[in-house]
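[1] structure for this input, please:
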Amino acid sequence: MIQNTAARLVYNQPKRARVTPLLIQLHWLPMAARMKFKALTLAYKVVSGSAPTYLNALIQTYATSRPPRPSEERRLALPPVGGAFRRSSAREELNKIATSPAEHVFKVDSFAALDRISGTLEKNIIAIEGTQTSGEATKMEFAQSGFSAVYSSSPASNYFLGTVGAYGWTGGFQQFSAGFQNPKMVKVDSMSPDSYLGYSLDVAYRDSRNYIILGAPRYEHKGLVMVINSDINVKYSLTQTRGQIGSYFGAEVCAVDIDGDGISDLILVSAPMNTDDDFEGKVFVYKFKSEYFYSVVQDTGVSLLGMAGQRGRFGSSLASLADLNGDGIRDVAVGAPLEDNGQGSVYIFNGRRGGINPTYSQRIAGSSVHSKLQFFGLTVAPSALDQSGDKLPDIAVGSKGKVLLLRSRPIVSIVTTVTFDPAKIPTSISDCTQPEMIVAKICFVMRKETPDFLDLRATLKYNLTVDATRDHFRASFGAKKRSQAGVVDLHQRNTCTEQTFSVECSPEDILNPLFNSLSFVFEGLPISRTENLTPVLSPSSDTSAIHSLDFEIDCGNDKVCVDNLKIDFNFSGSTDIEVGITQELNVTVMLENTGENSYNTHVYFTYPPGLSYRTFKKNKGRVECTSRDSEDRVTPGLTTCDVSRPVFKAGDKAVFVIQYGIDSSGRLGQRVNFTAKADSGNGVHAPDSITSITKDIGVKYSIYIVIKRSDDSTNYINFTAGENNLAKPVQQNLQVVNAWRDLTVTVFVKVPIKLQEENIWTDLDSLKMINGCRTYKDMKPVGDVIKKLQKDLTLDCSVAECRVFTCDIDLTENSQRFLNISGNVSSTWIEKTGLREAQLALITEATMEYDQNKYIYFSDSRKQPPVSKIKTIVEVYDVPNFTKEIIGGTVGGLILLALITAGLVKAGFFKSQYKQMMEEAAGQDTEGAPAE
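    Okay, here's the model as predicted:
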């Protein structure tokens, strides 16, 4: 916690102090004139003597042993004003630095000389950022070594300087030993030009080595962070999951040792130009993870954001601070210098075990620290040291022209206790003769959470509410007032006060305790000689609490009620939980009290995730249940049942059934545990009590798999009886369809192959199955197979020898697989049937097996998978023979002709008509003659 009023201005640079009018003018040059600006700024630093002492050593690093070609580069040497370089040795050093010709060494006697040589410098400067020129790309000429810098003392003293402009602004870093000798230049070949690698820099320490963290905010216009171990042979790249162009990811980096053990745990990377809804700027949190001898970097998925609606470049500065809130975990600061219209602000984020709390604990606005501040939070000191001598860390924050020191405030916690006199409400209150007066003693203790030595004081405004959870309260402070307020002054010792209230007669409810609420408001008092520094309450301190007051229970002379609870339960006849078949599981719970009266008796029943509470049913006794299902699918659900409240009397027994719903798509494992626990407000149970019992039950998962005939199977073939050399192709294809969950099954396919040693298929070797299936065994039938075949006209494994194939199939939900049986069916076996004409059914059977300890088939009451059959009709017919019919027809025709002829003869069909007429005339003459 930072106290703004304790901010102290430690540095204030006047706008024009020690700055020549020339440099003031150059500061506002447009982009096109940046060559001139950079050249003269460098020259000014050299001639004014303001460069650091190690600059000479760095200049020696860039000196070369060979004169460059005129087309390569030019180095200009400008000695500082004064006589420092009038010595011959100094002059020789300048000649080594500059390239030929000798005119590249300039003699500058005064600051005014800068105006004369500025044009020459601009003409000779080589390609820099913002210009396009031919010739060789720059190397270290504009490296800007020290643009970012960090010192590391572990495992040895080293200085790391970011060289953001090296190699055409690709960037990199230099590593110096303590004496700044023999620097090591490191660049990353995979970096593209203008990446600005080294724009930000920090060093993490792990695995007895350094990990150099470098930001490259312009890499591919999105930004990138490189993490390089000190062996220079392992590199990690950190990028945004969804990179945003122009976000400047890597503008600031910060290594964080969260627990203060000297080992870096986290990396913070800022993207101050990132825009997301109402936020500008974001800080990403990464963590180290040890692997073998090195550590790798992983994204934690946590990001830090500032206040919504602010366009403040959140993340422009990062700092790993000390422990500000006294929890033993270090905290971090994030600057947002453009918030509040450029006044700026700094955010404090508290550390926690393993990471950073993404919700900021404090926002320090620049306007609340000092009036007329600009860009507050532009920089934050990378460490929080005790500058004020109070053993509390302080934070240095930079703004435009000012550096401010913010003091952290002492953190305290408040511990509250409430005791009652009498400690329990006596049983005499049930007589309803008069209210019972109770004295509540309220005590507060203020404890330091930070290691300061300050004399801390505070004021607490508290409020006590009796029987706070009841609408119709049973206690009051007089005149039916249930709340009483008060004020106490705290001074790092136990401070107590008393309040008296009365408890009214309530014979129908003399067992449920009074839940009394105590809340307070903390106000720290200014500490003397600390510029009005005040303590602050730790966020982990509860400002409200419930303090219960129980009723006294009548337990005989010894005033101790010892119940003897025995609990048991069963699964109401269920042997397994059948997921996907049964929709509920009924658990029968039995509780018996064989001891003294049991008060406020409860049963706590835990059940596994995947089950959901539905209802309960009372079989015996008074029971009320509530339940809370698992919310994270990991912790078990909890059902709480009040049994015969308020008194579960001696000898009583309660029986009730709790019903849980079963999720048809749930995954419970192979076995699940249920636990029942009994407890009461007695506080003491008999030694032989059974107050807890755990049982488990197996789990089976329903499956529904169909094996059916595929539409492209052969339906019909035919053969002529007596022809034994025929063969016809047949395909019998199976389709295995899985409707539910993933599993592995074994499909057994039984194919008839022989009838009384005659092959049904032309060549058994040609009988093919799909890949993954194998021959399991051959099965022979028993009994009079021909008689059975002639009766049923079915050619299956009951009459024919069958070959069994096994197929192991992995099935996913809503998937299907095909099993293909193909070959040529022969006609040689037909003679064995003794049939000349018939339609026979060639049947292949398919069954399946699965882990019956884990799965259960969803079908009929047998819960067994059906047998699937594929039928191909084989028709046998005889060749027509009409010889007998012809002979019979001929003989019959002759007999018929003879009979017809005899009839005609008898009828006189064959007599002459003339002869008949003569005979008829003779007859007439005889009849007409007279008698003599």
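
[2] pop the domain breakdown of this structure in here.
    23-124, 139-408, 411-549, 563-698, 705-877, 885-919 (automatic domain parsing).

[3] for C555, which of the ones you listed is the nearest?
    Evaluated with CB to CB, the domains of the chain place domain 563-698 nearest to C555, the distance being 6.7 Å. For glycine as for every other residue, the C-beta is placed from the backbone atoms N, C-alpha and C.

[4] show me where the stretch 801-932 of the chain has its strands.
    801-811, 815-826, 838-849, 855-857, 868-877 (DSSP state E, counting those that start in this stretch).

[5] three-state assignment of S190?
    Counting by DSSP: H, G, I helix; E, B strand; the rest coil, the backbone at S190 sits in coil.

[6] can you give me the strands in the stretch 551-700 of the chain?
    So, for the stretch 551-700 of the chain - with DSSP E, counting those that start in this stretch - the strands run 562-563, 565-570, 576-579, 584-593, 598-607, 611-620, 623-628, 637-648, 653-662, 671-679, 684-685, 692-703.

[7] what angle do the fifth one and strand 584-593 make?
    Read it as strand 598-607. 150 degrees (axes from the mean of the first three to the mean of the last three CA atoms, to 10 degrees).

[8] for strand 598-607, give me every contacting residue.
    511-512, 553, 561, 563, 565, 567, 569, 587, 589, 591, 593, 613, 636-649, 658, 660, 674-682 (CB atoms under 8 Å, 6 or more residues apart in numbering).

[9] likewise for the first one?
    Applying CB under 8 Å, 6+ apart, the contact partners of strand 562-563 are 593, 595-598, 601, 648, 650, 680, 682, 684-686, 689.

[10] let me see the mean pLDDT of that strand.
    For strand 562-563, the per-residue pLDDT values average out at 90.

[11] that strand pairs with which strands, parallel or anti?
    strand 684-685 (parallel) (DSSP bridges).

[12] now the partner strand: mean pLDDT?
    pLDDT averaged over strand 684-685 gives 90.

[13] measure how far that strand is from the centre of its chain, please.
    Chain-centre distance of strand 684-685: 44 Å, with CA atoms, centre = their mean, to the nearest Å.

[14] quick one: I213 from R614, how far?
    From I213 across to R614, the span is 55 Å (CB to CB, to the nearest Å).

[15] what do you get for V412?
    49 Å.

[16] equivalent analysis for D711, please.
    Relative to R614, and taking CB to CB, D711 is found at 45 Å.

[17] which one of the two has more residues nearby?
    R614 (15 against 8; other CB atoms under 10 Å).

[18] thinking that one is in contact with T639, fair?
    No: using CB atoms under 8 Å, R614 is not in contact with T639, being 10.6 Å away.

[19] out of the contacts of strand 562-563, who's nearest V369?
    S680 (58.4 Å).

[20] wait, what's in contact with that closest one?
    Counting by CB under 8 Å, 6+ apart, S680 makes contact with D563, L565, S598, Y599, N600, T601, H602, F648.

[21] do R353 as well
    R353 sits in contact with I258, D259, I329, where contact means CB under 8 Å, 6+ apart.

[22] is the last one in a helix, a strand, or coil?
    On the three-state scheme (three-state DSSP), I329 is labelled coil.

[23] so it sits right up against V256, yeah?
    No: using CB under 8 Å, I329 is not in contact with V256; the gap is 10.2 Å.

[24] partners of Y159 in the sheet?
    Y151, F176.

[25] what about it, neighbour count?
    Y159: 17 neighbours (other CB under 10 Å).

[26] give me the distance between it and G215.
    Applying CB to CB to Y159 and G215 gives a distance of 18 Å.

[27] same question, L405
    27 Å.

[28] the two - which one has more neighbours?
    G215 (32 against 18).

[29] so that one is in which element?
    strand 209-216 (DSSP states H and E).

[30] distance from the strand or helix carrying M437 to the middle of the chain?
    Assigned by DSSP H and E, M437 belongs to strand 436-448. From the chain centre to the centre of strand 436-448 is a distance of 45 Å (CA atoms, centre = their mean).

[31] start at 265 instead
    In the new count, where the first residue is 265, that last one comes out as strand 700-712.

[32] just checking: what are the partner strands of that strand?
    Sheet pairing for strand 700-712, using DSSP bridges, gives strand 675-685 (antiparallel), strand 759-767 (antiparallel).

[33] thank you, goodbye.
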